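1. build me a structure from this.
(one chain, ligands or ions: 1)
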Amino acid sequence: MKTPIKVAETWDLAYQVRDIPWHSEHPPRELMRVLKEGGFKSFTVGVPPRRDVRPTKNVGLPRRRRARPQKLKVLDVGCGLGSSTITLAKAGFDVIGIDISKTAIEEARHRLREIGIKHDYNQLLNPRSALRTVQTSFRTPKSAIRTGRIRFEVRDVFDLRPYYDKFDLVIDLGCLHCFDGKWRKAYLKEIHRVLKSDGLYWVMTFGRKAPDYGPYRYSQKEMRELTSPLFKTLFIRNADWSRLYQRRPSEIKSVSCLMKKM
Ligand SMILES: C[S@@+](CC[C@H](N)C(=O)[O-])C[C@H]1O[C@@H](n2cnc3c(N)ncnc32)[C@H](O)[C@@H]1O
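-> Numbering: from 1, shown residues only. All right, here's what the predicted structure looks like:
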(Lines give C-alpha, C1' and ligand atoms only; values in the text may rest on other atoms or scores of the structure.)
Protein backbone atom coordinates (compact mmCIF):
# COMPACT_ATOMS: atom_id res chain seq x y z
CA MET A 1 0.00 0.00 0.00
CA LYS A 2 1.35 3.42 -0.91
CA THR A 3 0.03 6.94 -0.64
CA PRO A 4 -1.34 8.09 -4.01
CA ILE A 5 0.91 10.69 -5.65
CA LYS A 6 -1.89 13.27 -5.69
CA VAL A 7 -2.32 13.00 -1.92
CA ALA A 8 1.44 13.32 -1.37
CA GLU A 9 1.48 16.40 -3.61
CA THR A 10 -1.35 17.99 -1.64
CA TRP A 11 0.63 17.68 1.60
CA ASP A 12 3.71 19.09 -0.07
CA LEU A 13 1.77 22.01 -1.51
CA ALA A 14 0.53 22.89 1.98
CA TYR A 15 4.15 23.35 3.07
CA GLN A 16 5.11 25.20 -0.12
CA VAL A 17 2.39 27.82 0.37
CA ARG A 18 2.75 27.64 4.16
CA ASP A 19 -0.84 26.66 4.74
CA ILE A 20 0.18 24.67 7.82
CA PRO A 21 -2.00 25.73 10.76
CA TRP A 22 -0.80 22.69 12.75
CA HIS A 23 2.79 23.91 12.85
CA SER A 24 4.41 25.63 15.81
CA GLU A 25 8.03 26.33 16.66
CA HIS A 26 7.35 24.77 20.04
CA PRO A 27 6.41 21.21 20.93
CA PRO A 28 2.99 20.46 22.41
CA ARG A 29 2.75 20.82 26.17
CA GLU A 30 1.42 17.27 26.33
CA LEU A 31 4.70 15.93 24.91
CA MET A 32 6.64 17.80 27.59
CA ARG A 33 4.26 16.42 30.21
CA VAL A 34 4.75 12.82 29.09
CA LEU A 35 8.53 13.32 29.07
CA LYS A 36 8.47 14.87 32.52
CA GLU A 37 6.29 12.13 33.95
CA GLY A 38 8.74 9.57 32.59
CA GLY A 39 5.94 8.14 30.48
CA PHE A 40 8.50 6.77 28.08
CA LYS A 41 10.04 5.02 31.11
CA SER A 42 13.25 3.23 30.26
CA PHE A 43 13.49 5.44 27.21
CA THR A 44 14.51 8.42 29.30
CA VAL A 45 18.13 7.71 28.55
CA GLY A 46 21.28 9.73 28.89
CA VAL A 47 20.44 10.82 32.42
CA PRO A 48 23.63 10.72 34.48
CA PRO A 49 23.41 8.15 37.29
CA ARG A 50 22.67 9.66 40.69
CA ARG A 51 25.84 9.92 42.75
CA ASP A 52 24.05 9.50 46.05
CA VAL A 53 22.67 6.09 45.12
CA ARG A 54 25.26 3.33 45.23
CA PRO A 55 24.40 0.37 43.01
CA THR A 56 23.82 -2.76 45.03
CA LYS A 57 26.58 -5.27 44.36
CA ASN A 58 25.80 -8.10 41.93
CA VAL A 59 22.25 -6.92 41.41
CA GLY A 60 20.79 -5.67 38.15
CA LEU A 61 22.87 -4.45 35.27
CA PRO A 62 26.67 -4.33 35.38
CA ARG A 63 27.94 -0.92 36.48
CA ARG A 64 29.39 -0.13 33.08
CA ARG A 65 25.95 -0.38 31.47
CA ARG A 66 24.37 1.68 34.21
CA ALA A 67 26.85 4.47 33.68
CA ARG A 68 26.47 4.60 29.90
CA PRO A 69 22.87 3.80 29.10
CA GLN A 70 22.17 2.68 25.59
CA LYS A 71 20.74 5.33 23.29
CA LEU A 72 17.30 4.24 22.29
CA LYS A 73 15.70 4.93 18.96
CA VAL A 74 12.60 6.96 18.28
CA LEU A 75 10.63 7.46 15.08
CA ASP A 76 8.54 10.63 14.69
CA VAL A 77 5.96 9.83 12.00
CA GLY A 78 4.53 12.72 9.96
CA CYS A 79 7.04 14.99 11.69
CA GLY A 80 6.30 18.10 9.59
CA LEU A 81 8.90 20.76 10.34
CA GLY A 82 10.29 18.70 13.19
CA SER A 83 9.61 20.73 16.36
CA SER A 84 8.88 17.60 18.38
CA THR A 85 11.67 15.61 16.70
CA ILE A 86 14.18 18.25 17.76
CA THR A 87 12.75 18.36 21.30
CA LEU A 88 13.28 14.62 21.66
CA ALA A 89 16.85 14.79 20.33
CA LYS A 90 17.58 17.52 22.85
CA ALA A 91 16.17 15.25 25.56
CA GLY A 92 18.80 12.68 24.66
CA PHE A 93 16.97 10.34 22.28
CA ASP A 94 18.21 9.20 18.88
CA VAL A 95 15.41 10.31 16.59
CA ILE A 96 14.43 9.97 12.96
CA GLY A 97 11.67 12.27 11.73
CA ILE A 98 9.85 11.21 8.56
CA ASP A 99 7.32 12.98 6.42
CA ILE A 100 5.86 12.54 2.97
CA SER A 101 6.44 16.20 2.17
CA LYS A 102 9.85 16.92 0.65
CA THR A 103 9.42 20.63 1.35
CA ALA A 104 8.75 19.95 5.05
CA ILE A 105 11.81 17.73 5.37
CA GLU A 106 14.08 20.22 3.62
CA GLU A 107 12.90 22.94 5.97
CA ALA A 108 13.27 20.69 9.04
CA ARG A 109 16.92 20.05 8.04
CA HIS A 110 17.41 23.76 7.54
CA ARG A 111 16.02 24.45 11.04
CA LEU A 112 18.61 22.07 12.48
CA ARG A 113 21.39 24.06 10.92
CA GLU A 114 19.89 27.32 12.16
CA ILE A 115 19.71 26.23 15.77
CA GLY A 116 23.18 24.77 15.62
CA ILE A 117 22.52 21.04 15.48
CA LYS A 118 24.40 19.19 12.80
CA HIS A 119 22.23 16.95 10.71
CA ASP A 120 23.47 13.41 10.93
CA TYR A 121 23.55 12.18 7.34
CA ASN A 122 24.98 8.84 8.35
CA GLN A 123 22.95 5.70 8.57
CA LEU A 124 21.42 6.18 11.99
CA LEU A 125 20.14 2.64 12.02
CA ASN A 126 23.30 0.91 10.86
CA PRO A 127 25.35 -0.03 13.93
CA ARG A 128 28.52 -0.47 11.85
CA SER A 129 28.51 2.95 10.28
CA ALA A 130 30.81 5.54 11.76
CA LEU A 131 28.34 7.62 13.68
CA ARG A 132 28.93 11.07 14.92
CA THR A 133 26.90 12.12 17.90
CA VAL A 134 25.19 15.34 17.07
CA GLN A 135 25.92 18.05 19.59
CA THR A 136 24.30 21.39 19.99
CA SER A 137 26.53 24.37 19.66
CA PHE A 138 25.09 25.72 22.90
CA ARG A 139 27.34 25.49 25.90
CA THR A 140 25.73 22.95 28.14
CA PRO A 141 26.79 22.15 31.67
CA LYS A 142 28.61 18.87 32.02
CA SER A 143 25.72 17.35 33.88
CA ALA A 144 23.31 18.16 31.06
CA ILE A 145 21.91 15.34 29.01
CA ARG A 146 23.85 14.84 25.79
CA THR A 147 21.88 15.66 22.69
CA GLY A 148 20.84 12.58 20.76
CA ARG A 149 21.37 11.99 17.09
CA ILE A 150 18.78 13.27 14.66
CA ARG A 151 17.91 12.75 11.07
CA PHE A 152 15.05 13.74 8.75
CA GLU A 153 13.86 11.68 5.81
CA VAL A 154 11.20 11.90 3.14
CA ARG A 155 9.23 8.70 3.55
CA ASP A 156 5.71 7.33 3.24
CA VAL A 157 4.38 5.86 6.50
CA PHE A 158 2.63 3.14 4.50
CA ASP A 159 5.92 1.67 3.39
CA LEU A 160 8.41 1.49 6.23
CA ARG A 161 10.14 -1.78 5.29
CA PRO A 162 13.72 -0.60 5.94
CA TYR A 163 12.63 0.30 9.48
CA TYR A 164 11.06 -2.97 10.60
CA ASP A 165 12.01 -3.97 14.16
CA LYS A 166 14.28 -0.97 14.60
CA PHE A 167 12.54 1.40 17.02
CA ASP A 168 11.93 1.50 20.75
CA LEU A 169 9.36 4.26 20.52
CA VAL A 170 7.15 5.78 17.81
CA ILE A 171 5.60 9.19 18.36
CA ASP A 172 2.67 10.39 16.30
CA LEU A 173 1.47 13.95 16.63
CA GLY A 174 -1.46 14.33 14.30
CA CYS A 175 -0.58 11.70 11.72
CA LEU A 176 -3.00 8.84 12.53
CA HIS A 177 -5.96 11.20 12.58
CA CYS A 178 -5.36 12.11 8.92
CA PHE A 179 -6.32 8.62 7.71
CA ASP A 180 -9.67 6.95 7.20
CA GLY A 181 -11.00 3.36 7.03
CA LYS A 182 -8.61 0.79 5.61
CA TRP A 183 -5.70 3.28 5.59
CA ARG A 184 -5.92 3.59 9.36
CA LYS A 185 -5.56 -0.15 9.84
CA ALA A 186 -2.70 -0.46 7.34
CA TYR A 187 -0.97 2.44 9.07
CA LEU A 188 -1.21 0.84 12.52
CA LYS A 189 0.18 -2.41 11.14
CA GLU A 190 3.18 -0.54 9.77
CA ILE A 191 3.75 1.19 13.13
CA HIS A 192 3.54 -2.20 14.83
CA ARG A 193 6.17 -3.62 12.45
CA VAL A 194 8.75 -0.87 13.00
CA LEU A 195 8.67 -1.36 16.78
CA LYS A 196 10.93 -3.81 18.58
CA SER A 197 9.16 -6.18 20.95
CA ASP A 198 7.74 -4.25 23.92
CA GLY A 199 8.23 -1.02 21.96
CA LEU A 200 6.01 1.96 22.77
CA TYR A 201 3.66 3.95 20.56
CA TRP A 202 2.50 7.37 21.71
CA VAL A 203 -0.20 9.10 19.70
CA MET A 204 -2.07 12.37 19.92
CA THR A 205 -5.18 12.93 17.80
CA PHE A 206 -8.07 15.38 17.65
CA GLY A 207 -10.61 14.46 20.34
CA ARG A 208 -14.41 14.39 19.98
CA LYS A 209 -14.65 17.88 21.49
CA ALA A 210 -12.22 19.42 19.00
CA PRO A 211 -13.63 21.68 16.27
CA ASP A 212 -15.09 19.71 13.39
CA TYR A 213 -12.67 20.68 10.65
CA GLY A 214 -9.94 18.71 8.97
CA PRO A 215 -8.82 15.55 10.70
CA TYR A 216 -10.82 12.65 12.08
CA ARG A 217 -11.78 12.96 15.73
CA TYR A 218 -11.58 10.21 18.33
CA SER A 219 -13.08 9.47 21.71
CA GLN A 220 -10.96 7.49 24.17
CA LYS A 221 -13.20 4.48 23.55
CA GLU A 222 -12.78 4.70 19.77
CA MET A 223 -9.02 4.97 20.14
CA ARG A 224 -8.90 1.88 22.35
CA GLU A 225 -11.07 -0.08 19.93
CA LEU A 226 -8.99 0.90 16.93
CA THR A 227 -5.63 0.06 18.46
CA SER A 228 -6.48 -2.86 20.77
CA PRO A 229 -5.76 -5.73 18.40
CA LEU A 230 -2.12 -4.65 18.08
CA PHE A 231 -1.34 -2.56 21.15
CA LYS A 232 -1.97 -2.60 24.87
CA THR A 233 -3.01 0.78 26.28
CA LEU A 234 -0.75 2.02 29.09
CA PHE A 235 -2.58 5.29 29.54
CA ILE A 236 -5.20 7.25 27.68
CA ARG A 237 -6.33 10.74 28.64
CA ASN A 238 -7.82 13.96 27.37
CA ALA A 239 -5.35 16.71 26.59
CA ASP A 240 -5.31 19.77 24.36
CA TRP A 241 -3.02 20.97 21.64
CA SER A 242 -1.52 23.94 23.50
CA ARG A 243 2.16 24.50 22.93
CA LEU A 244 5.01 25.08 25.29
CA TYR A 245 4.98 28.76 26.43
CA GLN A 246 1.33 29.15 25.33
CA ARG A 247 -0.66 30.64 28.18
CA ARG A 248 -4.21 29.63 27.31
CA PRO A 249 -5.48 26.13 26.69
CA SER A 250 -6.05 25.35 23.04
CA GLU A 251 -9.56 24.91 21.64
CA ILE A 252 -8.25 21.75 20.02
CA LYS A 253 -9.20 19.10 22.52
CA SER A 254 -7.31 15.91 21.95
CA VAL A 255 -6.73 12.36 23.06
CA SER A 256 -3.27 11.35 24.22
CA CYS A 257 -2.57 7.64 24.33
CA LEU A 258 0.52 5.64 25.21
CA MET A 259 0.57 2.01 24.12
CA LYS A 260 2.84 -0.99 24.16
CA LYS A 261 3.32 -3.37 21.25
CA MET A 262 1.61 -6.71 21.77
C1 LIG B 1 -1.28 17.42 10.96
S2 LIG B 1 0.36 17.35 10.29
C3 LIG B 1 1.31 17.15 11.77
C4 LIG B 1 2.76 17.55 11.57
C5 LIG B 1 3.66 17.47 12.82
N6 LIG B 1 3.57 16.20 13.50
C7 LIG B 1 3.37 18.60 13.78
O8 LIG B 1 2.97 18.34 14.91
O9 LIG B 1 3.59 19.76 13.39
C10 LIG B 1 0.40 15.75 9.56
C11 LIG B 1 1.72 15.44 8.88
O12 LIG B 1 1.69 14.11 8.37
C13 LIG B 1 2.34 14.09 7.11
N14 LIG B 1 1.83 12.92 6.37
C15 LIG B 1 0.59 12.72 5.87
N16 LIG B 1 0.52 11.55 5.22
C17 LIG B 1 1.74 10.98 5.33
C18 LIG B 1 2.32 9.76 4.86
N19 LIG B 1 1.60 8.89 4.16
N20 LIG B 1 3.61 9.50 5.14
C21 LIG B 1 4.37 10.39 5.86
N22 LIG B 1 3.89 11.56 6.33
C23 LIG B 1 2.60 11.85 6.06
C24 LIG B 1 1.97 15.42 6.48
O25 LIG B 1 2.84 15.81 5.45
C26 LIG B 1 2.02 16.35 7.68
O27 LIG B 1 3.27 16.93 7.83
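
2. right, and the helix or strand after the longest strand seen in the chain?
-> When the chain is scanned for its longest strand (criterion: DSSP state E), the result is strand 195-207. With elements assigned by DSSP states H and E, the helix or strand that comes after strand 195-207 is strand 217-218.

3. same for the next helix or strand after that following strand, what does it pack against?
-> Where DSSP H and E defines the elements, the next helix or strand beyond strand 217-218 is helix 220-227. In terms of contacts (3 or more CB pairs under 8 Å, 6 or more residues apart in numbering; DSSP states H and E), helix 220-227 is packed against helix 181-194, strand 195-207, strand 231-240, strand 253-261. C-betas here are computed from N, CA, C, even on glycine.

4. which residues in the stretch 1-150 of the chain form strands?
-> For the stretch 1-150 of the chain, applying DSSP state E, counting those that start in this stretch gives strands covering 73-77, 94-99, 150-154.

5. now the longest strand of the chain: average pLDDT?
-> For strand 195-207, mean pLDDT is 95.

6. list the contacts of residue 251.
-> For residue 251, the contact set (CB atoms under 8 Å, 6 or more residues apart in numbering) comprises 210-211, 240.

7. got those residues as CSV, with neighbour count and pLDDT columns?
-> As requested, the contacts of residue 251 are exported to CSV (neighbours: other CB atoms under 10 Å; pLDDT from 0 to 100):
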residue, neighbour count, pLDDT
210, 21, 92
211, 10, 88
240, 20, 92
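
8. ok, residue 115 - how many residues close by?
-> The number of residues packed near residue 115 is 11, by other CB atoms under 10 Å.

9. ok, now which ones touch the closest residue in space to residue 30 that isn't next to it in sequence?
-> Leaving out its chain neighbours, the residue that sits closest to residue 30 by CB to CB, 6 or more residues apart in numbering is residue 239, at 4.2 Å. Listed by CB under 8 Å, 6+ apart, the contact partners of residue 239 are 28-30, 33, 204, 253-256.

10. go again using 6 Å as the cut-off
-> Contact analysis of residue 239 by CB atoms under 6 Å, 6 or more residues apart in numbering lists 30, 254, 256.

11. which one of the residues you listed is nearest residue 223?
-> residue 256 (9.5 Å; CB to CB).

12. how about CSV for the helices and strands packed on helix 220-227, with distance to residue 221 added?
-> As requested, those are exported to CSV (distance: least, CB to CB, whole Å):
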stretch, distance to residue 221
helix 181-194, 16
strand 195-207, 11
strand 231-240, 9
strand 253-261, 10
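
13. okay, and the beta partners of the closest residue to residue 40 other than its chain neighbours?
-> The spatially closest residue to residue 40, leaving aside those adjacent along the chain, is residue 169, at 5.9 Å (CB to CB, 6+ apart). Note on residue 169: beta-bridge partners residue 74, residue 200, judged by DSSP bridges.

14. what's around residue 169, how many residues?
-> Residues near residue 169, counting by other CB under 10 Å, number 23.

15. ok, it touching residue 74?
-> Yes: judged on CB atoms under 6 Å, residue 169 makes contact with residue 74 at a distance of 4.6 Å.

16. pLDDT below threshold where in the stretch 101-250 of the chain?
-> Along the stretch 101-250 of the chain, the model assigns pLDDT under 70 to residues 117-146.

17. which bits of the protein sit near the ligand?
-> Taking CB under 6 Å from any ligand atom as the test, the list of the chain residues beside the ligand reads 3, 11, 22-23, 78-80, 84, 98-101, 104, 156-158, 173-175, 178.

18. alright, I will stop here.
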